[in-house]
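A.B. asks: could you work out the structure for the sequence below:
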Amino acid sequence: VYERIGYKVLFVSALEGQGVEDLRALLCGRTSILVGNSGVGKSHLLNRLGQGEIAVTVGNISEKLKLGRHVTTTTTLHRLPS
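C.D. replies: Numbering: from 1, shown residues only. Down below sits the predicted model:
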């Protein structure tokens, strides 16, 4: 859907590392925002993009619900390493 209307679509997995380098290349040197539902992996993705220079707290997956838990409670500007 998004590609048909002109958006570039990347398939990215913070857990497996898939597409992280491509995403980093698109984001470096720009101001961007990560948004999404609570527990979907935004903090984990940011840690991957940060190559060890960013360390955002990441919660565990709920065994009962099989969903992530809300952990991040602040808004922070991070610079990605080049």
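A.B. asks: can you show me the CA trace of stretch 40-51 as CSV?
C.D. replies: Coordinates of each C-alpha in stretch 40-51 appear next as CSV, following Å, rounded to 0.1, in the frame of the first residue of the first chain:
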residue,chain,number,x,y,z
VAL,A,40,6.2,-3.0,19.7
GLY,A,41,10.0,-2.7,19.9
LYS,A,42,10.8,1.0,19.3
SER,A,43,13.4,1.0,22.1
HIS,A,44,15.0,-2.2,21.0
LEU,A,45,15.2,-0.9,17.5
LEU,A,46,16.8,2.4,18.7
ASN,A,47,19.4,0.4,20.7
ARG,A,48,20.3,-1.6,17.5
LEU,A,49,20.5,1.6,15.5
GLY,A,50,22.7,3.1,18.1
GLN,A,51,25.4,0.4,17.8
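A.B. asks: next, the buried residues of it.
C.D. replies: For stretch 40-51, a neighbour-count test (16 or more other CB atoms under 10 Å) marks Gly41, Lys42, Ser43, His44, Leu45, Leu46, Asn47, Arg48, Leu49, Gly50 as buried. C-betas here are computed from N, CA, C, even on glycine.
A.B. asks: and whatever helix or strand the fifth one lives in, what does it pack onto?
C.D. replies: Translated: Leu45. Using DSSP states H and E, Leu45 maps to helix 42-49. Applying 3 or more CB pairs under 8 Å, 6 or more residues apart in numbering; DSSP states H and E, we find helix 42-49 packed against helix 20-27.
A.B. asks: neighbouring contacts of the helix it packs on?
C.D. replies: With CB atoms under 8 Å, 6 or more residues apart in numbering as the test, helix 20-27 has contacts from Lys8, Leu10, Val12, Ser13, Ala14, Leu45, Arg48, Leu49, Leu80.
A.B. asks: any weak-confidence spans in this structure?
C.D. replies: For the chain, the stretches flagged by pLDDT under 70 are 59, 61-62, 65-73.
A.B. asks: biggest separation within the buried residues of stretch 40-51, which pair?
C.D. replies: With CB to CB as the measure, no two of those lie farther apart than Gly41 and Gly50, at 14.0 Å.
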